[in-house]
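Peer 1: Next input, structure requested:
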Amino acid sequence: MKSEKIKTVYYGNECEDDFAGTNINSKTVDKNFKYIHKNVIWRALSFIAYYFIAYPLVWLYERVILRVKFVNKKALKAYKKQSSFYYGNHTGFIDAFTPNIMSVSRRNKIIVNADSVSIKGLKNIVQMLGALPVPTEMNGFKNFVRAIDYYHKKCNITIYPEAHIWPYFTGVRNFSDASFNYPIKYGAPTFAFFTAYTKPKGFLSFLRKANVTVYISDPIFCDEGLTGINARKNLRDKVYNFMVEKSKLSTYEVIRYVKVDGDNSDKKVEYEEAI
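Peer 2: Numbering: from 1, shown residues only. Take a look at the predicted model:
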């Protein structure tokens, strides 16, 4: 039997390094970027693209081919009549779709970086499927916050606080509390989720690099009496601690990440025999 190989990559800064490998030239997202679309035709096309094209295809791919499992999804159902905020680890391209499957009885919006709306001809489609890009210019944040105000009333909103994609990473990277002001501002429930990887097995296992299980928390709120920065940090820590606890269940390395000091540009990707 042919031995499996583990890919090893090197990083210097867990908060800044990105291994998505998209090599997209990001476009400017500023005050002129249109976040809120009220045009009837645009909204109708968005509805069709989301529910009749993307959702069934993604569901089929994730649930049948990738065999993605969800643990504690019932916690989300209890809050299906209330908009929630989802926070998860950012470890693969399926992150763009998994929260849409998790979201119950309402659409999901995902806060993304500018790369997601920078591919020529796809900006509208990506937005129709739920993308809300973070501005690249300070003058764009007013409209961005206005969009969050608008969409949170009828949609769930997903945020990946780690920001950068590290494919198949089994741990949890450090992240700031900056994005945790939103659920506090709206008094909305927060749900943490962690995507864990285990050795591929079972039906169609040869089509996937790992088995995927998404662990979902019970609703999380900051402690009573806390406000401002203290409330934000408290909520962030609860989400982070949930992720760290569930990371212990991520037991299979497709890619091994090794920290190096200083510039890692001279390091090459390496492979070694899997244990």
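Peer 1: use CA for all of it now, contacts and neighbours both
Peer 2: OK.
Peer 1: Name the next helix or strand following the one helix or strand Ile184 maps to along the chain.
Peer 2: Assigned by DSSP states H and E, Ile184 belongs to helix 181-186. For helix 181-186, the following helix or strand on the C-terminal side (DSSP H and E) is strand 190-198.
Peer 1: How far away from the center of its chain is that following strand?
Peer 2: Centre-to-centre, strand 190-198 and its host chain are 10 Å apart (C-alpha atoms, centre = their mean, to the nearest Å).
Peer 1: The next helix or strand after it to strand 190-198, inter-axis angle?
Peer 2: Using DSSP H and E, the next helix or strand after strand 190-198 towards the C-terminus is strand 211-216. Interaxial angle, strand 211-216 versus strand 190-198 (axes from the mean of the first three to the mean of the last three C-alpha atoms, to 10 degrees): 160 degrees.
Peer 1: now for the next helix or strand after strand 211-216, which elements pack on it?
Peer 2: Of the helices and strands lying after strand 211-216 in sequence (DSSP H and E), the nearest is helix 228-247. The helices and strands touching helix 228-247, judged by 3 or more C-alpha pairs under 8 Å, 6 or more residues apart in numbering; DSSP states H and E, are helix 181-186, strand 190-198.
Peer 1: among these, which is the most enclosed?
Peer 2: Among the helices and strands packed on helix 228-247, the stretch with the highest mean neighbour count (mean count of other C-alpha atoms under 10 Å) is strand 190-198, at a mean of 25.
Peer 1: Give me the contact list for that strand.
Peer 2: 76, 84-89, 91, 168, 170, 183, 210-221, 239, 242-243, 246-247, 249-253 (C-alpha atoms under 8 Å, 6 or more residues apart in numbering).
Peer 1: Using PDB, write out every CA atom in that strand.
Peer 2: Extracted in PDB, the C-alpha atoms of strand 190-198 (Å, rounded to 0.1, in the frame of the first residue of the first chain):
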ATOM      1  CA  THR A 190     -23.700  34.000  19.500                       C
ATOM      2  CA  PHE A 191     -22.800  30.500  18.400                       C
ATOM      3  CA  ALA A 192     -19.300  29.300  18.100                       C
ATOM      4  CA  PHE A 193     -18.500  26.400  15.700                       C
ATOM      5  CA  PHE A 194     -15.300  24.400  15.100                       C
ATOM      6  CA  THR A 195     -14.600  22.400  12.000                       C
ATOM      7  CA  ALA A 196     -12.600  19.300  13.000                       C
ATOM      8  CA  TYR A 197     -10.800  16.800  10.800                       C
ATOM      9  CA  THR A 198     -10.400  13.100  11.300                       C
END
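Peer 1: per-residue confidence for the closest residue to Ala192 other than its chain neighbours?
Peer 2: Of all residues not flanking Ala192 in the chain, Tyr87 sits nearest, at 4.8 Å (C-alpha to C-alpha, 6 or more residues apart in numbering). For Tyr87, the pLDDT comes out at 98.
Peer 1: ok, now Lys7?
Peer 2: At Lys7, the model reports a pLDDT of 88.
Peer 1: helix, strand or coil for it?
Peer 2: strand (DSSP: H, G, I helix; E, B strand; the rest coil).
Peer 1: Next, count neighbours for it.
Peer 2: 16 (other C-alpha atoms under 10 Å).
Peer 1: If it is in a bridge, with which residues?
Peer 2: As for beta bridges, Lys7 partners with Ile255, Tyr271 under DSSP bridges.
Peer 1: That one is in contact with Arg256, isn't it?
Peer 2: Yes. Lys7 lies in contact with Arg256 (C-alpha atoms under 8 Å); the separation is 6.1 Å.
Peer 1: What backbone torsions are found at Phe70?
Peer 2: Dihedral angles of Phe70 (phi, psi; degrees, to the nearest 10) stand at phi -120, psi 130.
Peer 1: Okay, buried residues for stretch 144-160 please.
Peer 2: Neighbour counts using 16 or more other C-alpha atoms under 10 Å place 144, 147-148, 151-152, 155-160 of stretch 144-160 among the buried residues.
Peer 1: can I get these in TSV with distance to Val104?
Peer 2: Below are the buried residues of stretch 144-160 laid out as TSV (distance: C-alpha to C-alpha, whole Å):
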residue	distance to Val104
Phe144	24
Ala147	21
Ile148	19
Tyr151	16
His152	14
Cys155	10
Asn156	9
Ile157	12
Thr158	13
Ile159	17
Tyr160	19
